[in-house]
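Student: model the structure of this input:
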Amino acid sequence: MRSRRSGYTLFELGLVMAVLVIIGAVSIPAIKPMLTSNHLQAASDMVRSRWTEMRTRAVADGRSYRFSIVENTGKFRIAPEDEDQDNSDARPWIVEGTLPGNVTFATAHATSAGGSGSQGSGGGSGWSRVVTFLANGTSHEDVQIAFGQTGSRPLVLRLRGTTGAISAEEGPKS
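Tutor: Next up is the predicted model:
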């Protein structure tokens, strides 16, 4: 009479592990675009919320705030437009940050409706001013800015200067 065995053989465990590795290797290329899309959406949401906060702060403080970036990186900076001439004792609201997930600001998309983004002091060399919110909550220009990540379509964020309305859409395939 044969006794019942408990447990699995090393061969059976190896076979199950090999199947799991193959399934993982096949599914990673399918999952990667979803992760990239999530990173682009997170970056867009971050900038959208910063612009809204900036606009609100401009009205509350009664001063203009500018949003500057370093192109082809994920670095951005928010600072008062008159930061260099500020003589008040109150510390100005300044925010420096980086986009999540290795997302970068795409070249030549940080543009106003009438042309390319202008250079601003922005706190250092390499900073490009994208938009300035005035003390009344408006901006002089309509702005669009693109977020990019290797291997995916860019995501374009558009700001309507007079109303502050912000919309996002996928950019052209590169």
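
Student: C-alpha from now on. contacts and neighbour counts both.
Tutor: Will do.

Student: which parts of this structure are helices?
Tutor: 10-61 (DSSP state H).

Student: where in it is the helix or strand with the lowest mean pLDDT?
Tutor: strand 115-116 (a mean of 40; mean pLDDT, DSSP states H and E).

Student: now do the residue nearest the centre of the chain, the pLDDT please.
Tutor: In the chain, the C-alpha nearest the mean C-alpha coordinate belongs to A43, at 2.5 Å (CA atoms, centre = their mean). Looking at A43, its pLDDT is 90.

Student: in this structure, what spans have low per-residue confidence?
Tutor: 1-3, 84-90, 107-125, 173-174 (pLDDT under 70).

Student: and stretch 30-42, what's buried?
Tutor: 36-37, 39-42 (16 or more other CA atoms under 10 Å).

Student: Serialize these to TSV and add fields for distance to G171.
Tutor: Formatted as TSV, those follow (distance: CA to CA, whole Å):
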residue	distance to G171
T36	14
S37	12
H39	15
L40	12
Q41	13
A42	16
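
Student: which among the residues you listed gets closest to A79?
Tutor: A42 (22.1 Å; CA to CA).

Student: re the thing from before, which one of the buried residues of stretch 30-42 is nearest A165?
Tutor: Nearest member of the buried residues of stretch 30-42 to A165, counting by CA to CA, is Q41, at 17.3 Å.

Student: tell me the one of the buried residues of stretch 30-42 nearest F147?
Tutor: For these, the nearest to F147 is L40 (6.6 Å; CA to CA).

Student: thought G151 was touching the closest one, still the case?
Tutor: No: with contact defined as CA atoms under 8 Å, L40 does not reach G151; the gap is 11.8 Å.

Student: quick one, what contacts the residue nearest to the centre of the chain?
Tutor: 99-100, 103, 147 (CA atoms under 8 Å, 6 or more residues apart in numbering).

Student: all good on my end, thank you.
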